[in-house]
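Peer 1: Okay, here's the prediction I keep looking at, along with the sequence it came from:
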Amino acid sequence: MRNLNLDQLQTLVAIADLGSFAAAAQALHLAPPTVSLHVKELESRLAADLVVRGRRQAELTPAGQLLVQEGRLLLLGCDDLLERVRRRASGREGVVRVGVSAGVSTRLLPRMLEALAERSPGVEIRLEAVGSAESMRRLQAGTLDVAIVASPQPPMAEIGQMPWRNDSMVALLPAEWQAPERVTPGWLAHRRWASFAPATQMHGLVAQWFGQAGHYPRPFLALSYPGALKSLAGASQCAALLPLEEVEDLQGSADVHIRPLEPPLMRPMAVAYRRQPTPSPAVEGVLQLLAEFADGR
């Protein structure tokens, strides 16, 4: 048996709601013969009488009542499906897999997710904490769509990169320390300090900062999460080297000092993404949002 025609089903529901063929025709902007044809074709397809036709009113048969009752659910489901397709096509619905390195600010990330939720509530972001090199490999393998990575990264086929942020690094020091106005490699090399784990870009940046001044100290601790490094400084355990954006919430705190580095140290980051012949609107929406959080925005 052929499937039900949803337009014909909508006509029958309109007759049930409005009470007559003429009223249904007017509401649906159909010619009266078209309304009659819809009902006849439904009855022929189902081999059942659906409507008792009166001079002024039309009443449903028991079979017609059942079809209208269940048909309403079909029509609602159809409307929901069409809306979801429109949302997916416009980038307001979908799943975007995003790789995030340890250097991404734990303060900035929630703000970006909140902005995306307001703009495209149907887009689900699946975050994965992975290093920059692994993010690039997974982009190429197709298991990530977008990644926030240390910059620069070696070029890869099918992978685009755009500069994103270039944040200043600062020293977060326990409040009980006698802190200089600017922290130098020579001053910090003789004190307890913590930074990111060896596999991260941040570890390499800090090592170069010390090395260019002729120092190569080992960190007191190497961790992968900015929040843990902040806690160590607040608990007077050691200094921590972090992006300024990460510690701005501690400005004025009685527990820590925030000091610039001398010479200055910057943390560059980029957004990497898979190039697609037909770009996903949801992915394009995420890339646009990330661009709005770039430097100078």
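Peer 2: Received the coordinates, thanks.
Peer 1: Low-confidence stretches in the stretch 1-150 of the chain?
Peer 2: Screening the stretch 1-150 of the chain residue by residue with the criterion pLDDT under 70, one finds the ranges 1-2, 84, 87-88, 90-93, 102-103, 105.
Peer 1: what do you get if the cut-off is 90, keeping everything else the same?
Peer 2: Applying pLDDT under 90 to the predicted model, the residue ranges of the stretch 1-150 of the chain that meet it are 1-4, 53-57, 73, 76-96, 100-113, 116-133, 141-143, 150.
Peer 1: all helices in the protein, in order from the N-terminus.
Peer 2: Applying DSSP state H to the chain gives helices spanning 6-18, 21-28, 32-46, 62-90, 108-119, 132-141, 185-188, 201-212, 226-234, 244-247, 281-292.
Peer 1: As JSON lines, the ones you listed with mean neighbour count and distance to Phe220 would be great.
Peer 2: For every residue, glycine as well, the C-beta is placed using N, CA and C. Supplementary listing: the helices of the chain in JSON lines, determined by neighbours: other CB atoms under 10 Å; distance: least, CB to CB, whole Å:
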{"stretch": "helix 6-18", "mean neighbour count": "19", "distance to Phe220": "69"}
{"stretch": "helix 21-28", "mean neighbour count": "18", "distance to Phe220": "76"}
{"stretch": "helix 32-46", "mean neighbour count": "16", "distance to Phe220": "79"}
{"stretch": "helix 62-90", "mean neighbour count": "13", "distance to Phe220": "50"}
{"stretch": "helix 108-119", "mean neighbour count": "14", "distance to Phe220": "26"}
{"stretch": "helix 132-141", "mean neighbour count": "19", "distance to Phe220": "24"}
{"stretch": "helix 185-188", "mean neighbour count": "18", "distance to Phe220": "11"}
{"stretch": "helix 201-212", "mean neighbour count": "18", "distance to Phe220": "13"}
{"stretch": "helix 226-234", "mean neighbour count": "19", "distance to Phe220": "8"}
{"stretch": "helix 244-247", "mean neighbour count": "20", "distance to Phe220": "18"}
{"stretch": "helix 281-292", "mean neighbour count": "18", "distance to Phe220": "34"}
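Peer 1: His203 is in contact with Ala194, isn't it?
Peer 2: No: counting by CB atoms under 8 Å, no contact exists between His203 and Ala194, whose distance comes to 10.9 Å.
Peer 1: any shared contact partners between these two?
Peer 2: Between them, His203 and Ala194 share the neighbouring residues Ala222, with contact defined by CB atoms under 8 Å, 6 or more residues apart in numbering.
Peer 1: Would you mind giving the helices of the chain as a markdown table with distance to Leu172 added?
Peer 2: Formatted as a markdown table, the entries for the helices of the chain read as follows, by distance: least, CB to CB, whole Å:
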| stretch | distance to Leu172 |
| --- | --- |
| helix 6-18 | 63 |
| helix 21-28 | 68 |
| helix 32-46 | 72 |
| helix 62-90 | 43 |
| helix 108-119 | 17 |
| helix 132-141 | 23 |
| helix 185-188 | 11 |
| helix 201-212 | 13 |
| helix 226-234 | 4 |
| helix 244-247 | 5 |
| helix 281-292 | 26 |
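Peer 1: care to break the protein down by domain?
Peer 2: When the chain is parsed with automatic domain parsing, its domains come out as 6-90, 94-164+268-292, 167-266.
Peer 1: Quick one: closest of the helices of the chain to Ala175.
Peer 2: helix 226-234 (8.6 Å; CB to CB).
Peer 1: Ala25 and Leu50, how far apart?
Peer 2: In this structure, Ala25 lies at 17 Å from Leu50, with CB to CB, to the nearest Å as the measure.
Peer 1: Per-residue confidence at Arg182, what does it come out as?
Peer 2: Per-residue pLDDT puts Arg182 at 97.
Peer 1: Can you tell me the closest non-neighbouring residue to it?
Peer 2: Sequence neighbours aside, Glu262 is the residue nearest to Arg182 in space, at 3.9 Å (criterion: CB to CB, 6 or more residues apart in numbering).
Peer 1: I'd assumed Trp187 was in contact with the one you found.
Peer 2: No: under the criterion of CB under 8 Å, Glu262 lies out of contact with Trp187, with a separation of 9.1 Å.
Peer 1: No further queries at this time; thank you.
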